[in-house]
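Engineer: got a sequence here, can you build the structure:
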Amino acid sequence: MLFEDLSLSKSIQRAVFEEGYTEPTPIQEQAIPLILAGNDLIGCAQTGTGKTAAFAIPIIHQLHRIVGSSKKPKQIRALVITPTRELAVQIGQSFDTYAKYTNLTQLTIFGGVSQNPQVDELKKGIDILIATPGRLLDLHKQGFVNLDHLHTLVLDEADQMLDMGFVNDVKKIVKLTPKNRQTLFFSATMPIAIRELAEMFLTDPETVTVSPVSSTAEKVEQRIYFVEKGEKRNLLYSLLHNENLTDVLVFARTKHGADNIVKALRKKNVAAEAIHGDKSQSARQRVLDAFKNKEIGVLIATDIAARGIDIDQLPYVINFDLPNIPETYVHRIGRTGRAGNGGIAISFCGKDEHGYWKDIQRLIKVDVKTITDHPYQWHSGSLEQTESKPKNNNRSGKSTKSRKSDASKKNKKRWY
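Structural biologist: Next comes the predicted model:
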């Protein structure tokens, strides 16, 4: 199938063609016709598969037909909610690109910066609003955001919305929108909690799943190092130095951990920076630009901040800390090996993370190469006594005892 076969307006086809798009990706090919038909949709696909275009292009097509060359004051007719500022900016740029030959206007709003320029643009009138939940609710409370004319609501990175504790904000936002809206959920992973939440907000949704979450990119070479927890920084430096690695994205579990990795690498004269939620918007953007421009060779990121990193040719991803959610591993290593390129994904596994690794193996069903030729290993990865999971191996971080005590409350009130 070609883009010209999707019955899109000539203005959009022209913009898409100028971007070098000729054939839609699988998620685009399946999702765009369903959205154009007015269906609610749950879309699940790995990073780098074109999810943003899958919802942006049909939204622009629909609104272009509705608004046309109307001289009436602009109203917010499409709203995209996303968890981070970086993602909001990227989505806004995509809408600008695909809508450049239409008269549609978009605005991207997020916290951490002055609201005054955003309010000024809202007062002028816009067609499409991309927002993080907190700033959206703040401006609505002040009377600057009116969603009464909304046609389409998009929840992007839905899994991270829940993991970041945005579920109550999402519910508040949904209540502000018309009941006859079209609702779209997009995410790289789609755990059961998201599907159950979707049932609350979507009406008879279609489901599109491309590259199931259990699958890892075929061209990504995966390696695992079993390493003493206190030696991870030494192993990281050893790999960077001895193998001359550059353009490396390193995942840390916490903001504090990311900062400490940076400090350790800088002591060894490695150009490294961290990106996480405690950084200001300007600082995060500065670091991202420096990484993309190859001014720094190593970027340390938490999972949340990494959702805003969009780099087509990223050769190396290193899991300094293993994620406690197996699907997150798939999403992380999907940052490399994109658009048909090859890539290498390296993971460090401490004794306390062995349960996480067993869960990941059960999900991906791939024989990952174990690297034993290094001085920091703790075992071969097969000792029986290490196969028990860490006590907090769950989404909430609670112990098994806590989960049991919560079981009696489950029927009274579900967290999602």
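
Engineer: in contact with Q106, which residues?
Structural biologist: Taking CB atoms under 8 Å, 6 or more residues apart in numbering, we find Q106 in contact with G92, F95, D96, A99, I126, D127, I128, L129, I130. From N, CA and C alone the C-beta is placed, and that goes for glycine too.

Engineer: what does V145 give?
Structural biologist: Contacts of V145 by CB under 8 Å, 6+ apart are I76, L122, L129, L136, L139.

Engineer: by contact count, what packs against the host helix or strand of the fourth one?
Structural biologist: Secondary-structure element containing L136, defined by DSSP states H and E: helix 133-141. Using 3 or more CB pairs under 8 Å, 6 or more residues apart in numbering; DSSP states H and E, the elements in contact with helix 133-141 are strand 78-81, strand 106-109, helix 116-124, helix 167-175.

Engineer: hang on, the earlier thing: restricted to buried residues, select the contacts of V145 in PyMOL.
Structural biologist: Restricted to buried positions by 16 or more other CB atoms under 10 Å, the PyMOL selection for these reads:
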select buried, resi 76+122+129+136+139
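
Engineer: and of the contacts of V145, the nearest to V167?
Structural biologist: Closest to V167 out of the contacts of V145 is L136 (14.9 Å), distances taken as CB to CB.

Engineer: ok, that closest one - contacts?
Structural biologist: If a contact means CB under 8 Å, 6+ apart, then L136 has L79, I81, I109, L129, V145, I173 as its contacts.

Engineer: how many other residues sit next to the third one?
Structural biologist: I109 is surrounded by 26 other residues when neighbours are defined as other CB atoms under 10 Å.

Engineer: what bridges to it?
Structural biologist: A131 (DSSP bridges).

Engineer: from G334, how far off is it?
Structural biologist: 28 Å (CB to CB, to the nearest Å).

Engineer: how is the chain divided into domains?
Structural biologist: According to automatic domain parsing, the chain comprises the domains 3-210, 220-386.

Engineer: in CSV, list the ones you listed along with mean pLDDT.
Structural biologist: Shown next, in CSV, are the domains of the chain (pLDDT from 0 to 100):
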stretch, mean pLDDT
domain 3-210, 89
domain 220-386, 85
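
Engineer: residues of the lengthiest helix in the chain that come out buried?
Structural biologist: Counting by DSSP state H, the longest helix found in the chain is helix 51-67. For helix 51-67, a neighbour-count test (16+ other CB under 10 Å) marks 51-64, 67 as buried.

Engineer: mind giving me the packing neighbours of the helix or strand where E327 lies?
Structural biologist: Using DSSP H and E, E327 maps to helix 326-333. With contacts taken as 3+ CB pairs under 8 Å, 6+ apart, helix 326-333 sits against helix 303-306, strand 316-319, strand 343-349, helix 354-364.

Engineer: what is the distance between that helix and the centre of its chain?
Structural biologist: 11 Å (CA atoms, centre = their mean, to the nearest Å).

Engineer: try stretch 80-87
Structural biologist: The chain centroid and the centroid of stretch 80-87 are separated by 9 Å under CA atoms, centre = their mean.

Engineer: can you give me the end-to-end span of it?
Structural biologist: Start and end residues of stretch 80-87 are separated by 11 Å (CA to CA, to the nearest Å).

Engineer: ditto for stretch 184-199
Structural biologist: 12 Å.

Engineer: list just the nearest of the buried residues of helix 51-67 to K369.
Structural biologist: K51 (29.9 Å).

Engineer: right, and that closest one touches L184 too?
Structural biologist: No - the pair formed by K51 and L184 falls short of the contact definition of CB atoms under 8 Å, at 10.2 Å.

Engineer: overlap in contacts, the two.
Structural biologist: Common neighbours of K51 and L184 (CB under 8 Å, 6+ apart) are G43.

Engineer: okay, now D96: neighbour count?
Structural biologist: Residues lying near D96 (other CB under 10 Å) number 16.

Engineer: now do L87
Structural biologist: Using other CB under 10 Å: L87 sits among 25 other residues.

Engineer: packing partners of the helix or strand hosting it?
Structural biologist: Assessed by DSSP H and E, L87 sits inside helix 85-98. Judged by 3+ CB pairs under 8 Å, 6+ apart, helix 85-98 is in contact with helix 10-18, helix 51-67, strand 106-109, strand 128-131, helix 281-292.

Engineer: rebuild the ones you listed as a markdown table, extending it with distance to I32.
Structural biologist: Below are the helices and strands packed on helix 85-98 laid out as a markdown table (distance: least, CB to CB, whole Å):
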| stretch | distance to I32 |
| --- | --- |
| helix 10-18 | 10 |
| helix 51-67 | 5 |
| strand 106-109 | 19 |
| strand 128-131 | 17 |
| helix 281-292 | 29 |
